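Q: Quick one, structure for this:
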Amino acid sequence: MANAENKGETLPRRHKFKDLLLGEQAWQNDGKVQVKYASENTLKERLQLFFIKNQKSSLRLRVFYFSLKLLSCILYISRVLYDTTQEHACLNCEYKNYTFLEINWASIIWVERSDALWSVQLSVATICLLQRILLTYLNYKGNIWQQVLRITFILEMIDTVPFLISIFYRPLQNLFIPVFLNCWLAKRALENMVNDLHRAIHRTQTAMFHQLLILISTFLCLVFTSICGVEHLQRAGKKCSLFDSLYFCIVTFSTVGFGDVVPDIWPSKLLVVIMIFVALMILPIQCEQLAFLWMERQKSGGDYSRQRTKNERHVVLCVSLLKTNLLMDFLNEFYAHPGLEDHYVIILCPTEMDTKVRQILQIPMWSHRVIYLQGSALKDQDLIRAELDKAEACFILTSRCEVDRNAEDHQTILRAWAVKDFAPACPLFVQILKPENKLHVKFADHIVCEEEFKYAMLALNCICPATSTLITLLVHTSQGLEGEHSPDDWHTIYDKCSGNEVYNIVLKDSVFFSEYEGMSFPCASFHAYQKYGICLIGVCPEETKSILLNPGPKHTMKPLDMCFYINVTKEENSSFKIESLRKKIPKNHLPLSSIVTSMCTMAIDIQDIGSPSGIGPSLSTEPLTSEHKRPTKAALDNPHPTTFQTDDLPRDQSKNLSRTVKGDECSESCYIRGYPPNMPYIGSSQTLCHLRKEKMSKCCMQLVKFLSKTCNHKDDDDDVKAYDLKNKLIIVSAETAGNGLCNFIYPLRASYRAQNELYPIVLLLEHEPDEDFLDTVCWFPMIYYLVGSIDNLDDLLRCGISFAANMVVVDKESTMSAKEDYMADAKTIVNVQTLFRLFSGLNIITELTHPANMRFMQFSVKDCYSLAFSKLEKKEREKGTNLSFMFRLPFAAGRVFSVGMLDTLLYQSFVKDYMITITKLLLGLETIPRSGYLCVMHMTEEDLCIHTYGRLYQTLCSTTGDIPIGIYRTESQTVEPPETPRSQLSVNVADFEEVRDQEEQGFRRKSMWWPSQFLGPGHAERDVERSSQQQGLLLSLTERQELTKLVKKRMENLGLSTGGLVLNENQTSHSYVLINPSPDTKLERNDIVYIIRKDHLSGLNNANSIKKAERGRRTGEENKVGESPLNKDQTHLSCSAI
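A: Predicted coordinates:
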């Protein structure tokens, strides 16, 4: 084996010239074993291998041939420059005048050529001729005339054969030979040389480069030929030098034609005419081809060279279809961060760039930072063009406006696989549509599943109003300047609070939080809000590396904790002076906590989480009596930070103020806490939920059978009470029951939700749900479905819409694509408008495909207040903001949501890698031990004694340990001006009575004549306007009565009870979200405060301790007499005035 290996260890690296001559004899004399092709035994085959097939040897020969042709052109120019003889003749011959057609041809036929120059030209011509003959022989395939009649062969014969003849007949040494025609042969050799060069280095030249090379070389050859031809022919007339010929050709080809240098004999004129015709035939064709290739290249985009990656940073955006809205959302959000202004964005899209996208990319703001490449992520060549292996991130987005969303996900999965295979180290950001497809892209650094987030937001909107608006504003980058020019006050504060975002910083490196090391989390959160106005919402301990929202008072702040806070800007960009803050605060200045406590009398009942007497997450405060005195003022003034913990405050275990309603006591025997037995898809979140002890029969889940009691199965009493309308209904209108719909149920059935929050859920589906979906949801309490459509009023009435509290309308997949993009929401908008007209008091939560269609939600032509926002939205859109729709009333109130708003969540993850996790924790899509959850607190009339949001912040932190993050505020819209004179008010009343009582119409008109004259013409115009408003009001009242009769009639025909049916009037109020408002923000009645509540199971070990604690809590509640129950869905704060 060793001898065999030694014999065949090397192979010849290249073909040597001696091998071509010796053939097999050289191999036989060589002692080593040679490997050769069996078909390359003949001399011709070996020559073909060396001159043609072998890339490197062929390239060397072409470079040598190209050099010879350039040398021959240079020698011709040298001969022209040194030819100064006036009378030309053959070698060693006397001068003779060959006049014909008035031209002395002797000066044209004969030239002066020295012996040295002749020898060099002869050598070059001989080598070129031999090479041409050899290549002709090697390319011969049976048709000799095909080789001989080629232009290249003919030109070679013209330029070389006369030199060989002059060897045998020396007088021909001075014969003129058009050697300058070798430039065309050099052009051909250059093209072949470039092709061989790219073949040798395994690179494919672009068609653009090849066509440009042909055009330039053709133009140079035309100019060089014209220069040499005119110069030589003019020897028989008025002589001109090479420079004069160059000047003449440039002036002629540029169509300027000064006329100072012109040919004066007909051969020169004929040559110029021929060259012009040739140029007019060849150059336009090649220019047209070059322009076509340029246009095609503009459509497909260019390349991002590797040299640029050394000094520049870039990211790659892979999309299957690029829309203008998607592009602008990405660019506005990506470049909103100051640290990303120097990054380049490489767009890789398989489709051709449309006109609108091209116009956007030509804007100077984007033209130098955004590069569009037409290509596929599945082709390595396109990934090389985008320099993906050097990119800092790769975003893969899915086209959601497609009917087959699974097919789009499959394409996204293949793109993610291709990118990961090509550049394993490149961070990957993937957007997926269906949750069951997440399994295939788990390797991605960040994943946003559209249906998971969408259904979770829609679900939380039912129990935490405007959660979708809250999350959308948090994940968008804004400076809070969109509404600075608005005349409405609520626009200003709403816009200012919308600029808050989530940031992070290590505690020991922070100016905000470093002084709170060793404090409990609620204490640190309150003091940071009191001093800096920032809201500390969570931490990431170094030992766990898990983000915890409001870990509670048991968590002690440590130096290496990563703090997450809400603020208008991050700490690094904040400007403040510590010394100046210290000088402004006197030494004897009392903290805000003591001031709030001294101004409001509260009784605090704190419960130990680990004790059986109280595990409830909601802790209450009630008015003090003589038996329950609050702590002394000395104890509350100047509280030490270490004692600012809920577990260290005094408490009375015998009197627990947390209560549950009777429905909870009834349902305890029916429901348990646990994880769902059947997961809808692989990778579904493990959420501890309220479950039934026994799964519900599938026939009993059909609402029609359940209400008609045609099912043979026995239902529990709690479900019967639920559909006797003891609890409010949540109706979900969807096209199909997909796996993503389970994410709507999980947040509403989570274990940390109180049992009195388990509102019945009715699924209004257009298609029958499959068995797998029913097997999953049958374990959850009060889940029913009805096969019907939102277009049918009977189906809506059967599912209980007239008595429902919330109606969720999910966008249909079949209508997401339309010929006109924005028409995809047409059917959904019309259906929701119909529901709004029929059931105006119903809270309708709608999902739209395009955010721009929000302006049509609850559309009314006569509503001037709503229509006024169109102008404001247009102004913001012109400024380039990506939150132009934020002032639309349906969006501000959380009644409309577009899943496209979540795209910014993926974009922000490039800078804030924690945003997806925090959003999942807020929505309940992900549960982590010791991490809190999002809920709301309703402010009542009794709670307004707290006065301000800052006092409420301190109260919650010091009692229940909850962290408030914002307010959902509802304000009424006044139709009349705020100040109305009494005389105008009497006129309004009289006018209303005038319309209502037609019998006294004439008398009313006469009685109202003198006040109108007294108040003047201005009052008359206002009177006409009020009259039109009153007539519209009467018409709306009449329409409302007709609609009420229609609904009641349909319910009677369907056999449904109309008892208790109340159709509210059109609401004249608007709602909006305030994120992290200022401490001096006054609380108003009906305010809903968003709070992050600590995990109520963080101090418990197992489920047995949970049940034992619940029984102990109910026993303590039964001993109390005369105390009102407190629902768990709110934290009720009662306090007496000073």
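Q: For residue 747, pull up the helix or strand it's in.
A: helix 742-748 (DSSP states H and E).
Q: Extract the CA atoms of that helix and return them as CSV.
A: Output of helix 742-748 as CSV, limited to C-alpha atoms (Å, rounded to 0.1, in the frame of the first residue of the first chain):
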residue,chain,number,x,y,z
CYS,A,742,-56.7,29.3,21.3
ASN,A,743,-54.5,32.2,22.1
PHE,A,744,-57.7,34.2,22.5
ILE,A,745,-58.9,31.8,25.2
TYR,A,746,-55.7,31.4,27.2
PRO,A,747,-55.5,35.0,28.5
LEU,A,748,-59.3,35.0,29.4
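Q: Please work out which residues outside that helix touch it.
A: With contact meaning Cβ atoms under 8 Å, 6 or more residues apart in numbering, helix 742-748 is reached by 435, 451-452, 455-456, 458-460, 462-463, 680, 684-685, 687, 689, 730, 732, 753, 757-759, 761, 773, 776-777, 780, 783, 808, 923-925. C-beta coordinates here come from the backbone N, C-alpha and C atoms, glycine included.
Q: What of stretch 443-451?
A: By Cβ under 8 Å, 6+ apart, stretch 443-451 touches 398, 400, 416, 420, 427-435, 438, 441, 738-740, 743, 899, 902, 905-906, 909, 913, 916.
Q: Walking through the stretch 751-900 of the chain, point out its strands one by one.
A: 761-765, 783-787, 804-809, 843-848, 896-898 (DSSP state E, counting those that start in this stretch).
Q: out of these, deepest packed?
A: Each of these was scored by mean neighbour count; the highest is strand 896-898, a mean of 26, by mean count of other Cβ atoms under 10 Å.
Q: what packs against that one?
A: helix 450-463, helix 467-475, strand 843-848 (3 or more Cβ pairs under 8 Å, 6 or more residues apart in numbering; DSSP states H and E).
Q: Nearest to residue 330 among the ones you listed would be which one?
A: Closest approach to residue 330 among the helices and strands packed on strand 896-898 (Cβ to Cβ): helix 467-475, 13.5 Å.
Q: Report the buried residues of the next helix or strand after the closest one.
A: Per DSSP H and E, the first helix or strand lying C-terminal to helix 467-475 is helix 489-498. Residues of helix 489-498 classed as buried: 490, 491, 493, 494, 495, 496, 497, 498 (neighbour count, 16 or more other Cβ atoms under 10 Å).
Q: Give me the mean pLDDT for the following helix or strand past helix 489-498.
A: Downstream of helix 489-498, the first helix or strand assigned by DSSP H and E is strand 501-506. Average pLDDT, strand 501-506: 92.
Q: May I have strand 501-506 as CSV, with CA atoms only?
A: Coordinates of the C-alpha atoms in strand 501-506 are reproduced here as CSV (Å, rounded to 0.1, in the frame of the first residue of the first chain):
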residue,chain,number,x,y,z
GLU,A,501,-41.1,53.5,25.3
VAL,A,502,-39.5,50.6,27.2
TYR,A,503,-35.8,50.9,27.9
ASN,A,504,-33.3,48.9,29.9
ILE,A,505,-30.1,49.5,31.9
VAL,A,506,-28.0,47.7,34.5
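Q: what's it packed up against?
A: Using 3+ Cβ pairs under 8 Å, 6+ apart, strand 501-506 sits against helix 467-475, strand 562-567.
Q: Flag every buried residue along that strand.
A: 501, 502, 503, 504, 505.
Q: Most widely separated two among those residues?
A: 501 and 505 (13.2 Å).
Q: ok, back up a step: how about the strands of the stretch 751-900 of the chain in a markdown table, adding distance to residue 141 and mean pLDDT?
A: Shown next, in a markdown table, are those (distance: least, Cβ to Cβ, whole Å; pLDDT from 0 to 100):
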| stretch | distance to residue 141 | mean pLDDT |
| --- | --- | --- |
| strand 761-765 | 72 | 92 |
| strand 783-787 | 75 | 90 |
| strand 804-809 | 74 | 90 |
| strand 843-848 | 68 | 90 |
| strand 896-898 | 67 | 87 |
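Q: Nearest to residue 570, out of these?
A: Counting by Cβ to Cβ, residue 570 lies closest to strand 896-898 out of these; the figure is 27.4 Å.
Q: So, low pLDDT: which residues of the stretch 1001-1138 of the chain?
A: Of all residues in the stretch 1001-1138 of the chain, those with pLDDT under 70 make up the ranges 1001-1037, 1059-1067, 1097-1138.
Q: hmm, 80 instead?
A: Within the stretch 1001-1138 of the chain, the segments meeting pLDDT under 80 span 1001-1044, 1052, 1054-1068, 1096-1138.
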